[in-house]
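[1] Model the structure of this input:
(2 chains)
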Amino acid sequence: MLGILADSTGNFLLPARASTLAAEFDWLTWFITWVCIIFGFGVLVTTFLIAMRFRHKPGVNDNGKGATHNTILEITWSVIPGIIVLLIAIWGFQGYMKFSVIPQEALEIQVEAYKWGWRFIYPNGHSEPTLHIPKDVPVRFVLSSQDVIHSLYFPHFRIKKDAVPGRYNKMWVVATQTSPLAEGKDWTEPSSFSFDVDRPETYAEGFDIYCTEYCGTSHSRMLSKVYVHPTYESYAQWLAKASDPYRVGPDGKTTPTTQIGEALAKKNGCFQCHSVDGTTKIGPTWKNLFGHSGRFVDGQSYKADEDYIRESILYPNKHIVAGFAPGMPSYLGKLSDRDITAIINYMKSISENYKGSLDELNAPLPDPKAKPVGPQASAR
Amino acid sequence: MPLMLGAKDVAFPRLNLLSFYLWLVGALFFTYVLLSGVLRSAFGIEMWGGWGLDTGWTFYTPYSTTTTSSVIPATFGAFILGFSSILTGVNFIATIHTLRPKGMTWFKMPLFCWALYATSIIQILATPVLGITLLLLIAERALHVGIFDPKYGGDPVLYQHFFWFYSHPAVYIMILPAFGIISEVITTFSRKHIFGYKFIALSSLAIALLGFLVWGHHMFVSGQSAIANAIFSAITFFIAIPSAIKVFNWMATMYNGSVRFKTPMVYALGFIGLFTVGGLTGLPLAAMSTDVPLHDTYFVVAHFHYVMMGSMLFGFLAGMYYWFPKMFGKMYNERVGVILAIIVYIGFNITFFPQFLAGTHGMPRRYASYPEGYQIYHVISSIGAYIMGLGLVGVLFNWLHGLKNGCACLSQPVGR
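    Numbers count the residues shown, from 1 in each chain, chains lettered A, B, ... in the order given. Model (predicted):
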């Protein structure tokens, strides 16, 4: 059963309305719809009536009767539509300005579009392919694209903006309706949200997100969902849980440690310079790195054990492997001891030099209250 | 057109022929690319240089500069087609200026000629911009010169400006001649002088000129500045007025006339119907706020097809039926013609009207698959498309039958 759908559930013309801007836009849409209906039917019916009333009667020679022009009449029917469209133009402009002027105090979410998916990056750096926002709080989106032009479209919020490579586009929203979520599900629990583009049965929850700028083969599968939380607290708790990789899920299990390590490495940009398939990028590959031996530029030899990897992450320029240039940033204070262990476990899992079992690597790491590694902690 | 001006031919007959050959070459080029893509994906047949085309007609960068499909051959084909268009524009303008008979002043010229004159102006002013844009696109793809792709320091939105500077006026290139045809047909079949000749003639020119200043309304959500959006929106609303004038004048022409429901006239009436719907549904797209949710949805597709395909198709069919006896000295079957016109009209509306509602519900354009909620609109739309397709095949058959078996007749049949 779907939960909260509040008052506006959509009608034959428009889908349910879920933002402050939607109300702003919708009344003008309705006004224009009525203008279209009145003028449209007016023209069609009048044309039909004229054609029937003045249809040819056989045997009557009635060529070329009637006026050929009437300036006053013609000016009248130019000016009246002119006034109507001028009004629509002004109202449209006013509505658009409310969409363009973004309040400063808004919650900021970065949106990265790529072929073919969305990456929503929350203020704490956590990223997800679906969007979570709190109800009744202004949210600002900063859009960018990694490849071609995409466009982020929320039909229920009535807003859309292109994600253009090489520039940042911005838009904002205040959601006014909680998105549908099955009864009994916990808003703060990340596993409550199951959207998967390959499984249409997961489409019912959350409001739609579409890509509306053609971006290639999977353009029509570049879908996502926005989950509007009932309160800011619910959103904040969800975010805290979702961004904790060591979290115990509702089934009592934790994510395997090597997967956490891989995710951490990905999130921290390690794979920009280190491959995991043996190819040499800017830094040494991680494949079979653990446990191998080599030499530094100064000729000293080393063996890549846990201490070596730890030092390379925290003090990367202390020793440089022969054949490479210094340049890696330090992750001191950015990764906790536990994070580093998780990454080392991941590196072990992709090295032939590691002879232990995968189960051992995937065992949950104890929670040391996640103290960041500071200079004192690592003073030797 | 030369016949309407009482001239033997256009001003530059050889240029006209060249223009035709260029059109043929360009069209063959483009068709080859499209066909090769179809053969490749459907049957796995490889054709030389043929990778199909997957950019859509807009060739938006940087998609078009990074895709593996045959963008260069296709754009080169379009480039050649552009020359054909420019040369014809020059030719028509020269013809209208120099080959009018003595006594035919500008305001005594048939309205179809006015429409072609306005069209030609657009062709010679806008098409070169498209040509340059396509060359730049080819240069960027082949030589990696940074123009549109941010990877090389270019700006993808610049491409959209260039592209729409041509492609918005291009819409008027297609619709203006249809306006001209409708003005001729309605006059003839109402047995009446056109109402408001000068307003109709000048509104064609107004549309041609204003058409150059509205390209930005395709880019309201691209990140273009709000002030630019506001100006483009305002000018777009202005262009609605000359279009409305034409519709009102056509209605007034029939008033007090003697309307004959012959095939061309039925198409002309259908044209008024479709163009009215198409024009009015342009209002929520021209208004900046309501365009934000509707942009790039099926609403735009429906609006565009009412204005462009519906009106252009109905204008074309009205013209073909109207001048059929003049062109071939044969007559088609009138009754069948009228019935088919009604079938095509109904089919068209069943096809495209549901798309307005799909669009307001958020169905995006260019989707190969869609969430289940949109199914009903697509089903109705497909049924309409088959009805329309059937009607159009019938039209072709009616013409062929008329050519073969139709009675030989005067170039302007009695009773029209």
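[2] When you work out contacts or count neighbours from here on, use the C-alpha atoms and nothing else.
    Noted.
[3] how about the helices in the stretch 1-150 of chain A?
    For the stretch 1-150 of chain A, the helices defined by DSSP state H, counting those that start in this stretch occupy A:20-53, A:71-100.
[4] Pipe those helices into CSV and attach mean pLDDT and mean neighbour count per row.
    Shown next, in CSV, are these (pLDDT from 0 to 100; neighbours: other CA atoms under 10 Å in any protein chain shown):
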stretch, mean pLDDT, mean neighbour count
helix A:20-53, 91, 17
helix A:71-100, 90, 17
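[5] can you tell which of those helices is closest to residue B:342?
    helix A:20-53 (14.0 Å; CA to CA).
[6] counting contacts, what elements does that closest one pack onto?
    Other helices and strands packing on helix A:20-53, by 3 or more CA pairs under 8 Å, 6 or more residues apart in numbering or on different chains; DSSP states H and E, are helix A:71-100, strand A:169-174, helix B:226-254, helix B:263-280, helix B:283-286, helix B:288-294.
[7] How is the chain partitioned into domains?
    Using chain A here. Listed by automatic domain parsing, the domain ranges of chain A are A:1-49+A:73-243, A:257-362.
[8] That was the other one, I meant chain B.
    Using automatic domain parsing, the domain ranges for chain B come out as B:1-209, B:260-416.
[9] that older thread, buried deepest among the domains of chain A, which one?
    Across the domains of chain A, averaging neighbours per residue (mean count of other CA atoms under 10 Å in any protein chain shown) puts domain A:1-49+A:73-243 on top, at a mean of 19.
[10] picking up where we left off before, looking at the domains of chain B, which has the lowest confidence?
    Of all these, the minimum mean pLDDT falls on domain B:1-209 (a mean of 86).
[11] Run the chain-centre distance for that domain.
    From the chain centre to the centre of domain B:1-209 is a distance of 9 Å (CA atoms, centre = their mean, to the nearest Å).
[12] Quick one: end-to-end distance for it.
    Criterion CA to CA, to the nearest Å; first-to-last residue distance in domain B:1-209 is 22 Å.
[13] close to chain A, is it?
    Yes: using CA under 8 Å from any CA of the partner chain, we find that domain B:1-209 touches chain A at B:54-56, B:61-63, B:150-151, B:155-157, B:191-197.
[14] still on that earlier bit, need the domains of chain A in a markdown table (columns: distance to residue B:260).
    Below are the domains of chain A laid out as a markdown table (distance: least, CA to CA, whole Å):
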| stretch | distance to residue B:260 |
| --- | --- |
| domain A:1-49+A:73-243 | 13 |
| domain A:257-362 | 74 |
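[15] Would you list the buried entries among the residues of domain B:1-209 next to chain A?
    Taking 16 or more other CA atoms under 10 Å in any protein chain shown as the criterion, what is buried in those is B:54-55, B:61-63, B:150, B:155-157, B:191-197.
[16] Nearest to residue B:299 among the domains of chain A would be which one?
    With CA to CA as the measure, domain A:1-49+A:73-243 is the member of the domains of chain A nearest residue B:299 (11.3 Å).
[17] Distance from that closest one to the middle of the chain?
    Offset of domain A:1-49+A:73-243 from its chain centre (CA atoms, centre = their mean): 12 Å.
[18] so where do the strands sit in the stretch 51-200 of chain A?
    For the stretch 51-200 of chain A, applying DSSP state E, counting those that start in this stretch gives strands covering A:107-114, A:117-121, A:127-128, A:131-134, A:138-145, A:150-154, A:159-163, A:169-174.
[19] ok and the first one relative to strand A:169-174, angle-wise?
    Using axes from the mean of the first three to the mean of the last three CA atoms, to 10 degrees, the direction of strand A:107-114 lies 130 degrees away from that of strand A:169-174.
[20] still on that earlier bit, farthest pair in the buried ones among the residues of domain B:1-209 next to chain A?
    Based on CA to CA, the longest span within those runs between B:150 and B:191 and measures 59.9 Å.
[21] Can you list the residue ranges for helices in the stretch 251-400 of chain B?
    Counting by DSSP H, counting those that start in this stretch, the helices of the stretch 251-400 of chain B are B:263-280, B:283-286, B:288-294, B:298-304, B:311-328, B:334-360, B:375-405.
[22] Contacts for the fourth one next, please.
    With CA atoms under 8 Å, 6 or more residues apart in numbering or on different chains as the test, helix B:298-304 has contacts from B:277-279, B:281-282, B:285, B:294, B:352-353, B:355-360, B:362-365.
[23] so which of those residues are also by chain A?
    With CA under 8 Å from any CA as the criterion, the contacts of helix B:298-304 include B:277, B:281, B:357, B:360, B:362, B:364, B:365 near chain A.
[24] Correct me if wrong: the second one contacts residue A:36.
    Yes: when contacts are counted by CA atoms under 8 Å, residue B:281 is listed as touching residue A:36 (7.0 Å).
[25] weakest of the strands of the stretch 51-200 of chain A in terms of mean pLDDT?
    In terms of mean pLDDT, the lowest-scoring of the strands of the stretch 51-200 of chain A is strand A:127-128 (a mean of 87).
[26] got the contact list for that one?
    A:119, A:120, A:121.
[27] Equivalent analysis for stretch B:364-378, please.
    Stretch B:364-378 is contacted from outside by A:200, A:210-212, A:214, A:219-221, B:296-298, B:301, B:354-355, B:357-358, B:363, using CA under 8 Å, 6+ apart.
[28] cool, stretch A:45-56 as well?
    For stretch A:45-56, contacts defined as CA under 8 Å, 6+ apart pick out B:251, B:254, B:255, B:256, B:257, B:258, B:259, B:260, B:261, B:269.
[29] What would it look like as CSV? C-alpha coordinates only.
    The C-alpha trace of stretch A:45-56 is given here as CSV (Å, rounded to 0.1, in the frame of the first residue of the first chain):
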residue,chain,number,x,y,z
VAL,A,45,-16.6,26.1,-34.5
THR,A,46,-16.7,29.5,-36.2
THR,A,47,-14.8,28.1,-39.2
PHE,A,48,-17.2,25.2,-39.4
LEU,A,49,-20.3,27.4,-39.1
ILE,A,50,-19.0,29.9,-41.7
ALA,A,51,-18.2,27.1,-44.1
MET,A,52,-21.6,25.5,-43.7
ARG,A,53,-23.6,28.7,-43.7
PHE,A,54,-21.9,30.0,-46.9
ARG,A,55,-21.6,26.7,-48.7
HIS,A,56,-22.1,26.7,-52.4
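[30] pLDDT below threshold where in chain A?
    The model of chain A has pLDDT under 70 over residues A:1-9, A:59-65, A:369-380.
[31] ok, so of the contacts of stretch A:45-56, who is nearest residue A:331?
    The nearest member of the contacts of stretch A:45-56 to residue A:331, counting by CA to CA, is residue B:269 at 73.5 Å.
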